[in-house]
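Undergrad: Output the structure for:
(one chain, ligands or ions: 1)
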Amino acid sequence: MRLLVTGVAGFVGRHLLDRWGDDAEIHGTDSPARESLSGEARELARLASYHRGDITDPEALSAVVRATRPEVVVHLAAQSSGATSLERPAETYRVNAGGALNLLEAVRVEAAEATVILVGSADAYGSGSAGSGLREDAPLRPRNPYALSKAAQDGLGELYAATYGLRVIRTRTFSHTGPGQRPRFALAAFAEQIARIDAGIQPPEIQVGNLEAVREYGDVRDVVAAYRALAERGEPGEAYNVCTGEGHRLRDLLDRLLALAGVRADVVVDPARTRSRDVDYLVGDPGKIRARTAWSPRIPLDRTLTDLYQDARARVRREAGR
Ligand code: A2R
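TA: All right, here's what the predicted structure looks like:
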């Protein structure tokens, strides 16, 4: 299988290379802002070719699609943080909605037979109702600029499939984490702070945002397996939740991380970390992807949390010179 992965040097892209790298020819693109690829070299060495280019530049992107002639495109490039989107709404829309449009156009013109995995976000649903998993036919009611940009991407994907017959498969991926995630995201930020406390470079106090939100926390390694299952067996034109179906209160996950790390700390709620109009309850129904592809998540939550913490601990110790 010949793949083109946008945003390949990001968190999910590097796991995708780890999981697919041995039996696919993978070409990748990522932002020119990523000047230094050190630390990512191991994963990126698996690439058949690497192209620096901004997803908002339609000509550059078309040239990459033309040169690599992909059978499958996995679109990961994005401004991926809801919190950042509140500070940079216009840029988020330009990169996420505009970038998706550029990609779909490039595929329409240069590689019309390719299957496109358009990686979206369950944030596009807004909040669900406590106790029931969101299905794909739930309305999209985005609550922040990131969610809106992903809802727009979803609409574009549906349009290009229906109007131009492109083989676009949209995902609505619920929160996921694992080793290598940047501390812009809640669980990774907790892990980082716990590791700093453990290393003695932060007082035993953890700054947190809204701990009452209920969300899923899938493992990124299961998520990339889902993208592969969708590329191989998903139905073009359709949208699929990528989710576990299990919700967790963030407070409980923080307690589990502290227990796994063997660290004691006071928890301090920092209003600056609480996003306005934050999603309260976001849990999906995995029935559709399971029925179509037989994919289901395999990695238990405690393993995800342990691997996330161990990775943060190793990085913090390295940076502190221990
Ligand atoms: O922001 P950077 O320098 O870390 O680069 C990110 C890249 N990216 C871009 N690439 C091309 N043109 C742009 N204008 C542009 N802006 C950002 O996309 C990064 O290397 C990659 C996304 O990786 P992460 O931020 O680590 O996101 P993650 O967790 O891998 O998420 C993958 C997908 C995204 O569509 C999320 O919205 C979704 O999964 O949840």
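
Undergrad: any residues touching the helix or strand containing Val64, and which ones?
TA: When elements are assigned from DSSP states H and E, Val64 belongs to helix 58-68. By Cβ atoms under 8 Å, 6 or more residues apart in numbering, the residues outside helix 58-68 that reach it are 2, 4, 27, 29, 49, 51, 53-55, 73, 102-103, 105-107, 109-111. (Glycine included, C-beta is placed from N, CA and C.)

Undergrad: who in the stretch 1-150 of the chain is up against the ligand?
TA: Within the stretch 1-150 of the chain, the positions adjacent to the ligand are 7, 9-13, 30-31, 33-34, 54-56, 76-80, 95, 119, 121 by Cβ under 6 Å from any ligand atom.

Undergrad: Among those residues, which are located in helices?
TA: The helices, defined by DSSP state H, take in Phe11, Val12, Gly13 from those.

Undergrad: From the recorded domain assignment, give the ranges for the chain.
TA: 2-176+217-242, 180-215+247-279+300-320 (automatic domain parsing).

Undergrad: Looking at the ones you listed, which is nearest to Asp285?
TA: Asp285 sits nearest to domain 2-176+217-242 of all these, at 3.5 Å, using Cβ to Cβ.

Undergrad: Endpoints of the closest one, how far apart?
TA: 23 Å (Cα to Cα, to the nearest Å).

Undergrad: coming back round to it: now, of the ones in helices among the residues of the stretch 1-150 of the chain next to the ligand, which are buried?
TA: Phe11, Val12, Gly13 (16 or more other Cβ atoms under 10 Å).

Undergrad: In contact with the first one, which residues are there?
TA: Yep, that's Phe11 we're talking about. Phe11 makes contact with Ser80, Gly180, Gln181, Arg182, Val220, according to Cβ under 8 Å, 6+ apart.

Undergrad: Touching, the second one and Leu17? I think so.
TA: Yep, that's Gly180 we're talking about. No - using Cβ atoms under 8 Å as the test, Gly180 is too far from Leu17 to be in contact (11.5 Å).

Undergrad: Tell me which of the two has more neighbours.
TA: Between Gly180 and Leu17, counted using other Cβ atoms under 10 Å, the more crowded position is Leu17 (25 against 21).

Undergrad: Which pLDDT does the model give that one?
TA: pLDDT, Leu17: 93.

Undergrad: and the closest residue to the ligand within the stretch 151-300 of the chain, what are its bridge partners?
TA: Nearest residue of the stretch 151-300 of the chain to the ligand, counting by Cβ to the nearest ligand atom: Thr173, 5.3 Å away. Beta-bridge partners for Thr173, by DSSP bridges, are Ser121, Val242.

Undergrad: Leu118 is in contact with that one, correct?
TA: No - counting by Cβ under 8 Å, Leu118 is not a contact partner of Thr173; they are 10.5 Å apart.

Undergrad: picking that back up, switch the domains of the chain over to TSV; also include distance to Arg292.
TA: Compiled in TSV, these are given as follows (distance: least, Cβ to Cβ, whole Å):
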stretch	distance to Arg292
domain 2-176+217-242	6
domain 180-215+247-279+300-320	23
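
Undergrad: which one of the ones you listed is the most hemmed in?
TA: domain 2-176+217-242 (a mean of 20; mean count of other Cβ atoms under 10 Å).

Undergrad: As a check, name the ranges of all strands in the chain.
TA: 2-6, 25-30, 49-52, 72-75, 115-121, 167-173, 176-177, 205-208, 214-215, 218-219, 239-242, 248-249, 266-269, 281-282 (DSSP state E).

Undergrad: Tell me the strands beside the first one, with direction?
TA: Translated: strand 2-6. strand 25-30 (parallel), strand 72-75 (parallel).

Undergrad: follow-up on the earlier one: any chance of the strands of the chain in a markdown table, with mean pLDDT and distance to Ser62 too?
TA: Shown next, in a markdown table, are these (pLDDT from 0 to 100; distance: least, Cβ to Cβ, whole Å):
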| stretch | mean pLDDT | distance to Ser62 |
| --- | --- | --- |
| strand 2-6 | 97 | 12 |
| strand 25-30 | 95 | 12 |
| strand 49-52 | 92 | 12 |
| strand 72-75 | 98 | 12 |
| strand 115-121 | 98 | 14 |
| strand 167-173 | 98 | 17 |
| strand 176-177 | 97 | 30 |
| strand 205-208 | 93 | 44 |
| strand 214-215 | 92 | 37 |
| strand 218-219 | 98 | 33 |
| strand 239-242 | 98 | 25 |
| strand 248-249 | 95 | 42 |
| strand 266-269 | 92 | 47 |
| strand 281-282 | 92 | 35 |
